[in-house]
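Asks: model the structure of this input:
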Amino acid sequence: MSQAFFHQGLFPSPDHTQLFAENLSAHLRQGDVILLEGGIGAGKTHFARSLIQAMQASSGRIEDVPSPTFTLVQTYGVEPAEVWHADLYRLSYPDEIEELGLTQAFEDAICLVEWPDRLGELWPENALLMSFATTVGPNHDDQRVITFSGRKEIWQNRVLDALPS
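Replies: Predicted coordinates:
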């Protein structure tokens, strides 16, 4: 039986979130799924864009990384595996997820999924859940609190190693 991993971190600026995404990108491999949960404007897309751009840079490929809000899924040919960035906000039923090919991508690609509550029973058990919440810092600036949860043997070392010091 696997143990759960749970960690909460304060991200005082978008640059801090970007650095974490860049660091984490080096630890990802085929079959990894990161579920991004939080309200509109909480930082999910900023994190995903930063992670994808870091993977592009290390693969020698640079292309635009738009939000998949209207296209539902954007894919990127990078190493070590193709990256799927999905935004499920506009979906109503889990069968729509299978029609997109996302369940197969959970095995074949690295997947970043915004609005994972739409997955229902299709929620991958090996996924890392990142829950984003906004808070106001001492200088009245927006900060993010990100709560991480997932299987300890898969995610603990990778997340903790990627956190900026």
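Asks: for Ser92, see how far away the residue nearest to Asp142 when sequence neighbours are not counted is.
Replies: Nearest residue to Asp142, sequence neighbours excluded (CB to CB, 6 or more residues apart in numbering): Thr134, at 5.6 Å. Backbone N, C-alpha and C define where each C-beta goes, glycine included. Separation of Thr134 from Ser92 (CB to CB, to the nearest Å) stands at 27 Å.
Asks: compare these two (neighbour count), which wins?
Replies: Thr134 (13 against 8; other CB atoms under 10 Å).
Asks: how about the helix or strand of the chain with the lowest mean pLDDT: buried residues?
Replies: Every helix and strand in the chain was compared by mean pLDDT, DSSP states H and E; the lowest is helix 94-100, with a mean of 84. Using 16 or more other CB atoms under 10 Å as the test for burial, helix 94-100 gives Ile97.
Asks: the helix or strand following that helix packs against which elements?
Replies: With elements assigned by DSSP states H and E, the helix or strand that comes after helix 94-100 is helix 102-108. Helices and strands touching helix 102-108, by 3 or more CB pairs under 8 Å, 6 or more residues apart in numbering; DSSP states H and E, are strand 83-87, strand 110-114.
Asks: would you map the helices across this structure?
Replies: 14-25, 44-59, 94-100, 102-108, 152-162 (DSSP state H).
Asks: from the centre of the chain, point out the most distant residue.
Replies: Within the chain, the residue lying farthest from the chain centre (CA atoms, centre = their mean) is Asn139, at 27.8 Å.
Asks: can you check the pLDDT for it?
Replies: Asn139 carries a pLDDT value of 71.
Asks: point out where this structure drops to low pLDDT.
Replies: 1, 137, 140 (pLDDT under 70).
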